[in-house]
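J.: dropping the sequence and predicted coords here.
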Amino acid sequence: MAIRTRVACVAVRNSSIVLMEKKIPSYFNYQQLTPPGGGVELHETLEDACIREMDEETGLCMERPMLRGIVSYINHANQDHAVTAFFVTHHVLGELMTKEPEKHIPHWVALSDLKLNEKVPDYYKECIRILVAEQTFLNARFEWNKPGTTDKFTWTIM
């Protein structure tokens, strides 16, 4: 089993952030809103992966992404493990585009509406609050199917 390296990108513009509405029914976060991001490619820096993923998923050009956190995603049932570097930027150019409608649709979400938005999972609301409002370093763990527990999904901010 290899641990995958991923990035998540929190792009802030005009007191809003970009979140992706997941459209693949087999995803655990189907129809929920999550930050854009994806896998790091061979010989790619984390920052470059974040810039590329933002462009590929939203059409937006982000500049100067700052590393603001690390989240471990652990699925015990299928031995899946990914470590995701979370980046934040306030330097976002371009117009939002839906580039992969079969996978996800990007939306601007006002930060002031985030807390009441039922499509945004609570764990992402908390992560975004820490990253944007508190501006402190995020260290978190999201786990599925952990042995010895009855919870299907748990999350912890450390």
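T.: Arrived safely.

J.: so where do the helices sit in this protein?
T.: Remark: helices assigned in the chain by DSSP state H are 46-58, 122-128.

J.: any residues touching the shortest one, and which ones?
T.: Meaning helix 122-128. The contact list for helix 122-128, computed with CB atoms under 8 Å, 6 or more residues apart in numbering, reads 10, 17, 33-35, 69, 71, 86, 111, 114-115, 117, 120, 138, 140, 142, 155, 157. (Glycine included, C-beta is placed from N, CA and C.)

J.: off-centre distance for it?
T.: Computed by CA atoms, centre = their mean, to the nearest Å, the separation of helix 122-128 from the middle of its chain amounts to 10 Å.

J.: in it, which residues are buried?
T.: Using 16 or more other CB atoms under 10 Å as the test for burial, helix 122-128 gives 123-124, 127-128.

J.: and these as CSV, adding pLDDT?
T.: Output for the buried residues of helix 122-128, formatted as CSV (pLDDT from 0 to 100):
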residue, pLDDT
Y123, 96
Y124, 97
C127, 97
I128, 97
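
J.: from the contacts of helix 122-128, list just the buried residues.
T.: Among the contacts of helix 122-128, those classed as buried by 16+ other CB under 10 Å are 10, 17, 33-35, 69, 71, 86, 114, 117, 120, 138, 140, 142, 155.

J.: which one of the residues you listed is nearest I51?
T.: V10 (13.2 Å; CB to CB).

J.: can you give me the distance of that closest one to E44?
T.: Using CB to CB, to the nearest Å, V10 is found at 19 Å from E44.

J.: with P25 instead?
T.: Counting by CB to CB - P25 and E44 are separated by 30 Å.
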